[in-house]
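In: model this:
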Amino acid sequence: MKSIFKISLLLITFSFVSCEKLIEHPQPGTDNLSLFNEYSQLCIEKFGLEDVKGIDLAELADSIRPHVTPDLSEEELFDLMGLFVDRMQEGHTSLKSIDFDFNKSYYWFTGYPLGLNPAIANANYYGVEANPDVQIIAPPDGFYEIYYGYLPQDKEIGYIHVLSFDLAISDAELETMMSYLKDAKGIIIDVRSNIGGYMELVARLASYFTESEVVMGTNYIKNGPGKDDFAASTMKLEPADSPHIYTGPVVVLQDRVTFSAGSLFCVVMNAMDNTTSIGIRFGGGTGEIMDGFLANGWHWTLSTSNLVDTEGRPTDPGLDPDIPMLLNPEDTDTDAIIERAILELQ
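Out: All right, here's what the predicted structure looks like:
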């Protein structure tokens with residue numbers, strides 16, 4: 001997954017602070033205890049969500065350390081170190097061995113109901129058969145596409161279906177899309193099951209739905225080893241320099257799989273007065289990411305910041321929509337979340 005913080009400075013302002021305190025450590029060894037100490041110290045010093053997750057990583061390290069003995073196998077050591085990932089419960093946080101035989105990640109969507117059935121959505125709302133006038137932005141070297149147009153159920157309601165922000169989309173393509181939708185009485189933006197991509201595209205798309213600067217929250221970035229070592233950065237969105245700004249009502253559809261840049265899109269759109277969200281609590285993963293390798297080559301990733309929205313709510317655990325809605329798994333003809341969005345805009 002690409003970093004969520006590939007940011008266009010013209011659209012969104014992050015006061016990144018390169019003032020991380022210099023921390024000197026001796027060159028780590030590759031024995032079991034050295035590897036454990038190296039990784040646990042990284043987690044303690046870099047992880048930005050201890051308070052949000054309600055954990056004390058130093059205390060966790062002290063409780064595990066007595067069990068780290070020289071006779072542990074590589075797998076046994078990995079399992080002990082993987083307890084940190086289990087407790088941090090953050091979708092961007094992981095630990096992987098060199099050959100990926102060992103892989104510890106947190107699956108943020110486990111236990112949540114299905115929020116999108118693509119077959120039903122395409123067959124009845126977005127796809128070419130249901131909607132012959134559908135427009136498609138399809139980058140030649142990309143796997144994902146953006147579908148947009150007007151719904152067959154109400155040809156005055158526009159929609160934009162974005163399954164991923166991992167797309168190379170030109171300004172001209174966005175201009176064409178927003179020009180096409182300019183007369184809609186309302187627009188549905190469906191980012192269900194969108195697991196992220198480029199924050200730069202998030203900012204460019206969102207900038208078409210406001211005429212003034214939008215403050216979407218504050219990012220508290222870990223910048224030192226102490227529990228309270230954070231630098232605050234206000235996150236702002238500027239409107240697009242375009243004649244096709246849309247200020248009519250917008251409904252954003254989200255589900256638990258919506259993650260990373262997908263979740264950030266929900267956060268920034270939620271800060272706008274003309275937006276309503278419908279669906280399931282989004283998946284989070286809204287912080288900055290750091291990664292590296294331990295002395296034995298194991299790869300680690302950590303979330304190093306805590307993004308708080310304009311209401312003071314941490315966004316990494318996900319936020320509930322304005323209108324909670326579930327799909328009926330027995331309904332194979334309609335998408336209840338899209339239908340509720342249509343009613344909202346009508």
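In: residue contacts, the residue nearest to the spatial centre of the chain?
Out: When Cα atoms, centre = their mean is applied to the chain, the residue found nearest the centroid is residue 260 (1.3 Å). Residues near residue 260 by Cβ atoms under 8 Å, 6 or more residues apart in numbering: 1, 4, 91-92, 195-197, 283, 285-286. C-betas here are computed from N, CA, C, even on glycine.
In: Lowest-confidence one in those residues?
Out: Lowest in pLDDT among the contacts of residue 260 is residue 4, which has 35.
In: Got phi/psi on the residue nearest to residue 283 when sequence neighbours are not counted?
Out: Computed as Cβ to Cβ, 6 or more residues apart in numbering, the closest residue to residue 283 that is not its neighbour in sequence is residue 259, at 3.8 Å. Backbone geometry at residue 259, expressed as degrees, to the nearest 10, gives phi -150, psi 160.
In: if I look at residue 259, how far off is residue 228?
Out: 28 Å (Cβ to Cβ, to the nearest Å).
In: out of those two, which sits in the busier spot?
Out: In terms of neighbours (other Cβ atoms under 10 Å), residue 259 is the more surrounded of residue 259 and residue 228; the figures are 26 against 7.
In: Can you name the residues that contact the closest residue in space to residue 55 that isn't next to it in sequence?
Out: Using Cβ to Cβ, 6+ apart and skipping the chain neighbours, the partner closest in space to residue 55 is residue 87 (5.2 Å). Applying Cβ under 8 Å, 6+ apart to residue 87 gives the contacts 53, 55, 57, 60.
In: can you pick the most crowded of those?
Out: The contacts of residue 87, ranked by neighbours (other Cβ under 10 Å): first place residue 57, 21 neighbours.
In: May I have the phi/psi pair for it?
Out: Dihedral angles (degrees, to the nearest 10) for residue 57: phi -70, psi -30.
In: doesn't residue 40 make contact with it?
Out: Yes: assessed by Cβ atoms under 8 Å, residue 57 is found in contact with residue 40 at 7.2 Å.
In: what touches both of the two?
Out: With Cβ under 8 Å, 6+ apart, residue 57 and residue 40 have common neighbours residue 84.
In: Confirm residue 41 sits in a strand?
Out: No: assessed by DSSP: H, G, I helix; E, B strand; the rest coil, residue 41 does not belong to a strand; its assignment is helix.
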